[in-house]
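Participant: kindly generate the corresponding structure for this input.
(one chain, ligands or ions: 1)
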Amino acid sequence: MTSTAIKQKGQTISADELKALNKRFEAASPQEILRWVDTYFGNRSAQMSSFGLEDVALTDMYWRITPKVRVMTLETGRLPTETYTLMDQIKLRYDIEIEAFYPKYDAVDNMVQEHGFNLFYKSIDNRKLCCGVRKVEPLNRALNTLDAWVTGLRRDQGMARGMIQIIEWDDAHNNYKVNPLANWSFDQVEKYVKANSVPYNELHDRGYPSIGCAPCTRAIKPGEDLRAGRWWWESDPKAKECGLHVVQKADGTHAAVRASKSSTNG
Ligand code: SF4
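Facilitator: Numbers count the residues shown, from 1 in each chain. Coordinates of the predicted model:
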C-alpha cells in the first residue's frame, strides 16, 4: 500500500498487513519505524509529546529523519515551569513549531466555577473530570487532524503497556498509533538522550521519573514505586490513569494504560 492510499482518514491497513508490519518492526530500530511512519503517513502523522525522557529522545530521532517533524502537545495550563522551559529549548534546538492543544475555555471555566481550581484533590471523579477537560478532549481534537500518532510508550512500563503493539489501530481515536520505543528499556532511552545531548526536563534530575501537570506530580523517594509521584494522594493504583491511552486487548476489549515511568502526559 502506498501513501496515496491513505488520503482518506480511516483504517486502511488490513489486519494481515498490520501483523506483518509488527513482525518486521519487532526487530527494527526506532529510527527504522519512524522512517516508515514518515514515508507512509507524511505530515498526516505527528508525535504527541509531553516532553518526558522518551519523548525528547523520539523528537531527536524523528528530526534527524525529517526536519519537518510535527510535534504536538497537550498544553493543560497546569504544567510545571520546567516543562515550559524545555519546550522553548526544544523549539530552538530543532527549529520546529510545537503544536499546542489547549483545553476549551468554557469547559475549564465551568469546571472551575463548579468545583474549584484544585478540584482534583477532592475526589477521583473530580480528577478524572479535570483530565478529561484538560487532556482527553484536546487529545481527541488533535488526533482528529491526523492519520497516525507517535508515542513514547514502552512495554516494560508494565500493566497494560506490556500489551502494546509497535503499530496498532487505535479504535478509540480512529487513528494509527505507533510506539517506536515499545521494545526499549528506560536505560536505553537515558543513554540515547545523554549520547546525543538531547535537552531534557531538569525535573528528572530532581527525582521525577514521570512528569505531568505540576499539581499532580511530585518527586519520589528512593525505593518508591515509579508511579508514586503521580496523583500521589489517590490510594487506588488502578485509578491512576487519565484516559489518553487505551490498549485493545486480544479479546477485543479495551484496557486503559496507567500513567507510569513515562514521557506521555498521562
Ligand atoms: S494531571 Fe491534574 S491538573 Fe493535569 S489534567 Fe489531570 S487532574 Fe488536571
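
Participant: residues from the stretch 101-250 of the chain in reach of the ligand?
Facilitator: 120, 127, 130-131, 134-135, 212-213, 215-216, 242 (Cβ under 6 Å from any ligand atom). For every residue, glycine as well, the C-beta is placed using N, CA and C.

Participant: show the buried residues in the residues you listed.
Facilitator: By neighbour count, with 16 or more other Cβ atoms under 10 Å, these hold 120, 127, 130-131, 134-135, 212-213, 216, 242 as buried.

Participant: which intervals of the stretch 151-266 of the chain have sub-threshold pLDDT?
Facilitator: 158-159, 237-243, 245-266 (pLDDT under 70).

Participant: now do the strands in it.
Facilitator: Remark: strands assigned in the stretch 151-266 of the chain by DSSP state E, counting those that start in this stretch are 167-170, 175-178, 246-248, 254-256.

Participant: what is the neighbour count of the residue nearest to residue 185 when sequence neighbours are not counted?
Facilitator: In space, and not counting its chain neighbours, residue 185 is closest to residue 156: 5.9 Å by Cβ to Cβ, 6 or more residues apart in numbering. The number of residues packed near residue 156 is 13, by other Cβ atoms under 10 Å.

Participant: same question for residue 128.
Facilitator: 16.

Participant: as a check, name the ranges of all helices in the stretch 151-266 of the chain.
Facilitator: 186-195 (DSSP state H, counting those that start in this stretch).

Participant: run a quick neighbour tally on residue 119.
Facilitator: 17.

Participant: repeat that for residue 86.
Facilitator: For residue 86, using other Cβ under 10 Å, the count is 23.

Participant: my guess is it meets residue 55, correct?
Facilitator: No - the pair residue 86 / residue 55 is not scored as a contact, 9.7 Å apart, by Cβ atoms under 8 Å.

Participant: quick one on the thing from earlier: what residues does the residue nearest to residue 185 make contact with?
Facilitator: 162, 185-186 (Cβ atoms under 8 Å, 6 or more residues apart in numbering).

Participant: and of those residues, the nearest to the ligand?
Facilitator: residue 186 (21.4 Å; Cβ to the nearest ligand atom).

Participant: quick one: neighbours of the closest one, just the number.
Facilitator: With other Cβ under 10 Å as criterion, residue 186 counts 17.

Participant: surely it and residue 192 touch.
Facilitator: No - Residue 186 is beyond contact range of residue 192, at 10.8 Å (criterion: Cβ under 8 Å).

Participant: what about the helices in the stretch 1-150 of the chain?
Facilitator: 15-26, 30-41, 53-65, 81-94, 105-115, 124-131, 137-143.

Participant: can I get these in CSV with distance to residue 203?
Facilitator: Output for these, formatted as CSV (distance: least, Cβ to Cβ, whole Å):
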stretch, distance to residue 203
helix 15-26, 31
helix 30-41, 24
helix 53-65, 10
helix 81-94, 5
helix 105-115, 24
helix 124-131, 20
helix 137-143, 22
